[in-house]
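Novice: Next comes the sequence, and after it the predicted model I'd like to discuss.
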Amino acid sequence: MQNFVFHNPTKILFGKGTISNIGPETTAFSNKVLLVYGSGSIKKNGLYQQVTESLQNAGAEIVEHPGVQSNPLLSHVRAGIALTKTHHCQVVCAVGGGSVIDEAKAICAGAMVDHDVWKFFTGKKSITSTLPLTTVLTLAASGSEMNSGMVITNEETNQKFGFANKHLFPKASILDPEATFSVPANYTAYGAVDAIAHVLEFYFTTADPSTPVQDRFMEGLVINAMESCDRVLADLHDYQGRADLMWTATLALNGLTGAGLGKVGFPMHMIEHSLSALYDVPHGAGLSAIIPGWMRHQSEITPKRFAQFAERVFDCRNGSVEEQAQMGINSLQKWFEKVHSPTSLQALHIPTQDIPRIAENALALAKVWRMPDYDNGRIQAILAGC
Ligand code: NZQ
Ligand code: ZN
């Protein structure tokens, strides 16, 4: 167990009927509100009505910034920053999934400076203050509702970069599982894959040999992500399943799993972000295509860790350590296939001759994320296994 500081300031209001809290939670900071949302799902599922009523009843003057797309774009972030400055908005309210919340975070940071917001993503500038942010989560996946990370695509340079900064934590997030009833089966599965990936990144990159508390917590989150996703795919309006999946995804990347693990990394995300940047692949779908290949590559380096995962998550008890490790990876890949999340580059219609181009793109992020043990050759070898 390594030393750690755990400080997560985000207030969570969880459960049925919590949407009406968004007004007071937001105007507690200011009544000049920038409302950020996506391409229209909230208008179809009635959330737009509920949220704007709650904000107006709490005295908010709303400026809208709709049209955030999945894998949010820098150009749209810049437009949101300009709008915020023109109307002197003092608080931002995001209603959506990780893309909407991440774009809102970038607006909160960019609104406080005169330089281009992309300078934060390349490490040229660091964030020292942000506008306050409140969120209503509509898709269980990224964990952005309760973390300090954000990911934006610069479409001019084809770079999808992300980073964390303590000023990016939302002040308050509303997690009403009923807000996710309208998430279709494919994005429900992609969200569960993303939550599982967030756990695996830490589980398999920590170098600490003895982290029993974090291990059992992480193993439990992976099991819950699969079981709750299975329930929801059987009935998209299963409240218990949606509630379990929502809270699992939030806990999978809010800092708790990593507390005490020491240095960890995001190698699978480093590669996946290139798939999303270059082919606009849904984040979770890109991850399920990368995870089995990366796990087979990494299991040659730390087979015992993979054997523990196989035994505790999939009850694989026979054979050698190496055989157990492979059985665990195969079991996870089978689950991805069961929920129809793609498990290869071919399934994503990405030709293998693109591997050098993808590796080149991923290497740029590996440098920004200071991952010296990933060079072009290693990334290409992992991609060849996907
Ligand atoms: O445009 P809208 O209407 O919002 O439609 C979205 C979008 O088309 C739709 N959707 C969302 N909630 C819905 C719904 N459709 C029906 N009913 C609802 N209730 O689903 C599609 C995907 O939404 P999106 O927000 O893109 O998905 P997700 O939540 O998976 O977010 C993905 C983004 O999060 C970033 C990813 O890189 C990607 O850009 N990540 C953020 C992280 C963080 N902040 O810590 C970490 C993650 O690893 C991830 O990288
Ligand atoms: Zn992710």
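Specialist: All right, it came through fine. Numbers count the residues shown, from 1 in each chain. Ligands and ions are numbered 1, 2, ... in the order given.
Novice: Point out the residues in this protein that sit beside ligand 1.
Specialist: If contact is defined as CB under 6 Å from any ligand atom, the residues of the chain in contact with ligand 1 are 38-41, 45, 70-72, 96-100, 102, 138-139, 141-144, 147, 149-151, 162, 179-180, 182-183, 187, 191, 194, 253, 269, 283. For glycine as for every other residue, the C-beta is placed from the backbone atoms N, C-alpha and C.
Novice: Take the residues you listed and keep only those in helices.
Specialist: Cross-referencing the residues of the chain next to ligand 1 with the helices (criterion: DSSP state H) gives 41, 98-100, 102, 187, 191, 194, 269, 283 as the overlap.
Novice: Taking those residues, tell me the two that lie furthest apart.
Specialist: Largest separation among these by CB to CB: 41 and 269, giving 24.4 Å.
Novice: tell me the domain boundaries of this protein?
Specialist: Domains of the chain are assigned by automatic domain parsing as 11-179, 184-384.
Novice: With mean pLDDT, distance to residue 4 and mean neighbour count as added columns, please give the ones you listed in CSV.
Specialist: Formatted as CSV, the domains of the chain follow (pLDDT from 0 to 100; distance: least, CB to CB, whole Å; neighbours: other CB atoms under 10 Å):
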stretch, mean pLDDT, distance to residue 4, mean neighbour count
domain 11-179, 98, 14, 21
domain 184-384, 97, 5, 20
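Novice: closest one to residue 5 among those domains?
Specialist: When these are ranked by distance to residue 5, counting by CB to CB, first place goes to domain 184-384 at 8.5 Å.
Novice: now do the same end-to-end measure for the closest one.
Specialist: Between the opening and closing residues of domain 184-384 lies a distance of 31 Å (CA to CA, to the nearest Å).
Novice: ok, for the residue nearest the centre of the chain, nearest residue in space, not its chain neighbours?
Specialist: The residue lying closest to the centre of the chain (CA atoms, centre = their mean) is residue 142, at 2.3 Å. For residue 142, ignoring the flanking residues on the chain, the nearest one in space by CB to CB, 6 or more residues apart in numbering is residue 98 at 2.8 Å.
Novice: swap in residue 242?
Specialist: residue 177 (3.9 Å).
Novice: That neighbour is in contact with residue 16, isn't it?
Specialist: Yes - with contacts counted by CB atoms under 8 Å, residue 177 reaches residue 16, the gap being 7.1 Å.
Novice: hey, what's in contact with both of those two?
Specialist: In terms of CB atoms under 8 Å, 6 or more residues apart in numbering, residue 177 and residue 16 are both contacted by the residues residue 239.
Novice: Now do the longest helix anywhere in the chain: everything it contacts.
Specialist: Taking DSSP H as the criterion, the chain has its longest helix at helix 212-234. For helix 212-234, the surrounding residues in contact (CB under 8 Å, 6+ apart) are 1, 185, 188-189, 191-192, 195-196, 199-200, 202-203, 206, 238, 240-242, 244-245, 248-249, 251-252, 256-261, 308-309, 312-313, 335, 339.
Novice: Stretch 260-267 too?
Specialist: So stretch 260-267 is contacted by 1-2, 4, 201-202, 205-208, 211, 213-214, 258, 294, 298, 369, 371, 374 (CB under 8 Å, 6+ apart).
Novice: hmm, 7 Å instead?
Specialist: The contact list for stretch 260-267 (CB atoms under 7 Å, 6 or more residues apart in numbering) reads 1-2, 4, 201-202, 205-208, 211, 214, 258, 294, 369, 371, 374.
Novice: OK, contacts around whatever residue of the stretch 201-350 of the chain ends up closest to ligand 1?
Specialist: The nearest approach of the stretch 201-350 of the chain to ligand 1 comes at residue 283, 4.0 Å away (CB to the nearest ligand atom). Each residue near residue 283 by CB under 7 Å, 6+ apart is listed here: 190, 194, 272, 276.
Novice: Show me which of these is closest to residue 24.
Specialist: For those, the minimum distance to residue 24 (CB to CB) is 30.5 Å, reached by residue 194.
Novice: Contact partners for that closest one?
Specialist: 141-142, 283-284, 287.
Novice: for these, which one is nearest residue 80?
Specialist: Of all the contacts of residue 194, the one with the least separation from residue 80 (CB to CB) is residue 142, at 18.3 Å.
Novice: ok, now how distant is the closest one from residue 28?
Specialist: Counting by CB to CB, to the nearest Å, the gap between residue 142 and residue 28 amounts to 25 Å.
Novice: cool, and residue 237?
Specialist: On the measure of CB to CB, residue 237 and residue 28 end up 32 Å apart.
Novice: Tell me where this protein has strands.
Specialist: 11-14, 32-37, 61-65, 91-96, 133-137, 149-154, 159-164, 172-175 (DSSP state E).
Novice: I'd like those laid out as a markdown table, including distance to residue 350.
Specialist: What follows is the strands of the chain, written out as a markdown table (distance: least, CB to CB, whole Å):
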| stretch | distance to residue 350 |
| --- | --- |
| strand 11-14 | 37 |
| strand 32-37 | 30 |
| strand 61-65 | 32 |
| strand 91-96 | 27 |
| strand 133-137 | 30 |
| strand 149-154 | 17 |
| strand 159-164 | 15 |
| strand 172-175 | 34 |
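Novice: The ones you listed: which one's closest to residue 365?
Specialist: Nearest of these to residue 365, taken as CB to CB: strand 159-164 at 6.1 Å.
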